[in-house]
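> model the following, please.
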Amino acid sequence: MSIKRRLVGGLNNILSPFDITVSRKSEIDDLRDFFGKARHHSFKKSPLPKDSSDYLNNNNERLKKLKKRYLKFDFSVTMHSIWEQKRIREEIDIQYFRGDNAYIFQKRAGNRAAQYFLTAYYIKTIDFLGMLDNLMEDDLFGIDTYNFNDKNTLSRDLLDSIVELYFLIDTIKLHQMKNVKILDIGAGYGRFCHRAWFQFPKIATIFSTDAIAESTFLSEFYLNYRKVDHKNRVIPLDEVQGLLTDHHIDLATNIHSFSECPVEAIKGLSRCPRLHWHRVICHGIIRWHGPEIRLPFRFPASVSRRSELRALSV
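A predicted model of the protein is given here:
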């Protein structure tokens, strides 16, 4: 151990009772480099598909109508602790919605190329269905990508979706289910719906909904653009109850959405008369936002044991 390190170690032992620590300037610079470069939303500017630049704008009449409808909907379901209008304005670029933003952090929180490659290597160890080769990625709508082994183009959109699909395979054997109807709650711009149907075309229908009007608008556009809207139906929030009346839902998914909602919003959704929670599987650490939150949150005791609906929070 060098004399400098000994001096710093001895000094820190003395200062420790005062909650003070001496760190090397180079270590602080490394931390700033690690966390500080991408604190805000960003996107990789690439050419937009034909006509999309005209459609994807905040003055679009469809988006305006959705916003008005959502403002009139049950506030207990649409109340937000994170997805407030100020954050949406600051975070979501309506044209480059697949960039590093509130939907998916791609450069922030220490995400670097190494994390992408390590995740890809992990996926290769479990990828018995070959999703890494089946599910393709491009550079559209501002997404950050990395080349992997001169073969695969990686993104958080792709990698997260593959890991989530394998979670469902491990948990409920999704790959063996046929003609299943899925309701994706908190669908964002439609990432999971796009990937799930492309990998499992025997899925009957994936319905996607979201409490954010911008997300519903983007899902409609994105799933249509990816040409999977014939099996993916975007359901505005105020039409979900009608959907549950007309369709039996086999599987409900929620990915990183309940963890960003006040408990009251989740309770409001759980009170839907025809949405019976049969099985709730939580994967990973859930952080509930808001000072009024108390852990753990439990779904209502009046759960229908006969329902085949499974609700998963991934």
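
> would you map the helices across this protein?
Taking DSSP state H as the test, the helices found in the chain are 3-15, 25-36, 52-55, 61-71, 75-78, 85-91, 113-126, 131-134, 156-172, 191-199, 213-225, 240-246, 263-270.

> lowest-confidence stretch among those?
Of all the helices of the chain, helix 25-36 carries the lowest average pLDDT, namely a mean of 55.

> now the nearest residue to residue 175 once chain neighbours are set aside: how far from residue 140?
In this structure, residue 175 finds its nearest non-sequential neighbour in residue 169, 5.1 Å apart by Cβ to Cβ, 6 or more residues apart in numbering. Bear in mind the C-beta positions are built from the backbone N, C-alpha and C, glycine included. With distances taken as Cβ to Cβ, to the nearest Å, residue 169 is found 27 Å from residue 140.

> what of residue 216?
20 Å.

> for the closest residue to residue 143 other than its chain neighbours, what are phi and psi?
Nearest residue to residue 143, sequence neighbours excluded (Cβ to Cβ, 6+ apart): residue 98, at 4.1 Å. Dihedral angles of residue 98 (phi, psi; degrees, to the nearest 10) stand at phi -100, psi 10.

> distance-wise, check residue 198 relative to residue 134.
8 Å.

> now do residue 71
According to Cβ to Cβ, residue 71 and residue 134 sit 40 Å apart.

> ditto for residue 228
14 Å.

> ditto for residue 15
To residue 134, residue 15 is 55 Å away according to Cβ to Cβ.

> and what of residue 238?
35 Å.

> tell me which of those two has more neighbours.
residue 238 (16 against 12; other Cβ atoms under 10 Å).

> let me know the pLDDT of the closest residue to that one other than its chain neighbours.
Excluding its sequence neighbours, the residue lying closest to residue 238 (Cβ to Cβ, 6+ apart) is residue 73, at 5.0 Å. With respect to pLDDT, residue 73 has a value of 82.

> alpha carbons of stretch 210-220, in CSV - could you do that?
Output in CSV follows, covering the C-alpha atoms of stretch 210-220 (Å, rounded to 0.1, in the frame of the first residue of the first chain):
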residue,chain,number,x,y,z
ASP,A,210,-52.0,3.3,-20.2
ALA,A,211,-53.1,6.1,-17.9
ILE,A,212,-51.0,8.6,-19.9
ALA,A,213,-52.6,10.0,-23.0
GLU,A,214,-49.3,10.4,-24.7
SER,A,215,-48.5,6.7,-24.2
THR,A,216,-51.8,5.6,-25.7
PHE,A,217,-51.2,7.9,-28.7
LEU,A,218,-47.7,6.6,-29.2
SER,A,219,-48.8,3.0,-28.8
GLU,A,220,-51.4,3.4,-31.5
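
> how far does stretch 9-22 sit from its chain's centre?
The chain centre lies 41 Å from the centre of stretch 9-22; the measure is Cα atoms, centre = their mean, to the nearest Å.

> now that stretch - C-alpha only, CSV.
Extracted C-alpha coordinates of stretch 9-22, given in CSV (Å, rounded to 0.1, in the frame of the first residue of the first chain):
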residue,chain,number,x,y,z
GLY,A,9,-6.9,5.7,5.2
GLY,A,10,-5.6,7.0,8.5
LEU,A,11,-7.2,10.4,8.0
ASN,A,12,-10.6,8.8,7.2
ASN,A,13,-10.4,6.7,10.4
ILE,A,14,-10.1,10.0,12.3
LEU,A,15,-12.8,11.7,10.4
SER,A,16,-15.3,8.8,10.3
PRO,A,17,-17.0,9.7,13.6
PHE,A,18,-17.8,13.2,12.1
ASP,A,19,-19.4,11.6,9.0
ILE,A,20,-16.7,13.0,6.8
THR,A,21,-14.6,11.1,4.2
VAL,A,22,-11.6,12.1,2.1
